[in-house]
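One predicted model, sequence on top.
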Amino acid sequence: MDHIAAVEQQLVSERMRKKLNEVNMAAQAQLAPVQDHINFTLQQAYFKCAYECFDRNRRQEEISNCVEHCSFPVVNAQQHFENEMAKFQERLNRSLVVCQDKFESAKLQQIKTDSINELESCVNQSIEDNMKTLPHLVGRLKASFNIGV
């Protein structure tokens, strides 16, 4: 690889890193109400419920079962959230791998038709397409957790 190509690739890598950081920031901002609901509303309900479990008239096993029962909503919500985010990340990764494969294929064929710019364009389009799904994902999560309903 010549020096110019190496510099171009480094610039593209830096731009992609910046773009992925923007995706991360946007996702965190849009998902903040959902995370807040899990981390505060559901956690608070868990602790209130668990507090009620501690009764001197109960055996230790009953207390443990009661506390475990109290944890189900928050544990289930966190698992659901993590599963949805893993699917989002997987879709994004798959689309970025397609871009990388196209770029590698162009390099192997020694096609000098602006392959780095095409890679960057493909990555930008993939990111945009995935970001468009984020509001729908947030909406589904809010609906499943009865947030703002």
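Ah, there it is. Everything numeric here is computed off the predicted structure, so don't read it as measured data.

Local confidence estimate at residue 128?
We note a pLDDT of 92 for residue 128 in this prediction.

element containing it?
Counting by DSSP states H and E, the element that carries residue 128 is helix 115-144.

Phi first, then psi, for the residue sitting furthest away from the middle of the chain.
The centre of the chain is farthest from one residue, residue 57, which by C-alpha atoms, centre = their mean lies 44.6 Å away. Dihedral angles of residue 57 (phi, psi; degrees, to the nearest 10) stand at phi -80, psi -10.

Determine the set of other helices and strands touching the one helix or strand residue 64 maps to.
Residue 64 is part of helix 60-108, with elements assigned from DSSP H and E. Applying 3 or more C-beta pairs under 8 Å, 6 or more residues apart in numbering; DSSP states H and E, we find helix 60-108 packed against helix 3-36, helix 43-53, helix 115-144. Where C-beta positions appear, they are placed from N, C-alpha and C, glycine not excepted.

Residue ranges in this structure under the pLDDT threshold?
1-2, 4-5, 8, 111-113, 149 (pLDDT under 70).

In JSON lines, list the helices and strands packed on helix 60-108 along with distance to residue 69 and mean neighbour count.
Listed next are these as JSON lines, based on distance: least, C-beta to C-beta, whole Å; neighbours: other C-beta atoms under 10 Å:
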{"stretch": "helix 3-36", "distance to residue 69": "23", "mean neighbour count": "13"}
{"stretch": "helix 43-53", "distance to residue 69": "8", "mean neighbour count": "14"}
{"stretch": "helix 115-144", "distance to residue 69": "20", "mean neighbour count": "15"}
